[in-house]
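Enquirer: Coordinates for the following, if possible.
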Amino acid sequence: MKGYKISTKQDDMNFEVIYQFISQSYWAAGIPRVTLIKAISNSLCFGFFKNDGKQVGFARLITDKATFAYLADVFIIEGQSGKGLSKWLLETIVSHPDLQGLRRIVLATRDAHGLYAQYGFKAIENPEILMQIWQPDIYREKNILRR
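Expert: Numbers count the residues shown, from 1 in each chain. Sure, this is the predicted structure:
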C-alpha cells in the first residue's frame, strides 16, 4: 500500500506507541510496561508504519510456528482507519511464511468479527471443549506480584 509498510523486525517497533494504545484498550487496560515488553519480545509482531517511520498499527501472534497461534493486540491508531490498513495487516499476517500449516489460529474480539471473517476466522465450533483461566482485571488488581 502506497505510503505504508509492515515490518516484523522487533527493532522497528515503537514501544511507546504500542504501549500508549494497548494500555488504554478494552482488552488490556492498565497492563504494566514490563508485562507488555515481555509479551512483545516473546511474540511474532507485525508493526504497521507510515513511510516516514511513524508507527500507526500493530498486531502480535503468540505462536509455536508449527501448530498454533493466538492473534492479539491488533490495532490501527485513530485517524488512520478507513484506508484498508487493517485488511492489509491481516492479509500479511495470514500469509506470513511462519504461520503456514498451523492447525489453529484463534483470537478474541468484541467488535471486529466481520473483518476477521474475511480472512477465514469463524466462530469456534464446539466451544464447550475449550477451557480457560481468565483474569480480566489482573492489571487493575493492586496486590499482584509484578516482575
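Enquirer: per-residue confidence averaged over stretch 122-129?
Expert: Stretch 122-129 carries an average pLDDT of 93.
Enquirer: ok, and what's touching it?
Expert: Identification of contacts with stretch 122-129 by Cβ atoms under 8 Å, 6 or more residues apart in numbering yields 106, 130. For the C-beta atoms, the positions are set from N, CA and C on the backbone; glycine is no exception.
Enquirer: Enumerate the beta-bridge partners assigned to residue 55.
Expert: Residue 55 has these beta-bridge partners by DSSP bridges: residue 49.
Enquirer: Now do the contacts for it.
Expert: Contacts of residue 55 by Cβ under 8 Å, 6+ apart are 13, 14, 17, 18, 47, 48, 49.
Enquirer: if you set the cut-off to 7 Å instead, what comes out?
Expert: 14, 17, 47, 48, 49 (Cβ atoms under 7 Å, 6 or more residues apart in numbering).
Enquirer: Low-confidence regions, the protein specifically.
Expert: 142-147 (pLDDT under 70).
Enquirer: give me that answer again for 50
Expert: 143-147 (pLDDT under 50).
Enquirer: the strands in it, which residues?
Expert: 4-7, 44-50, 55-63, 68-76, 104-107 (DSSP state E).
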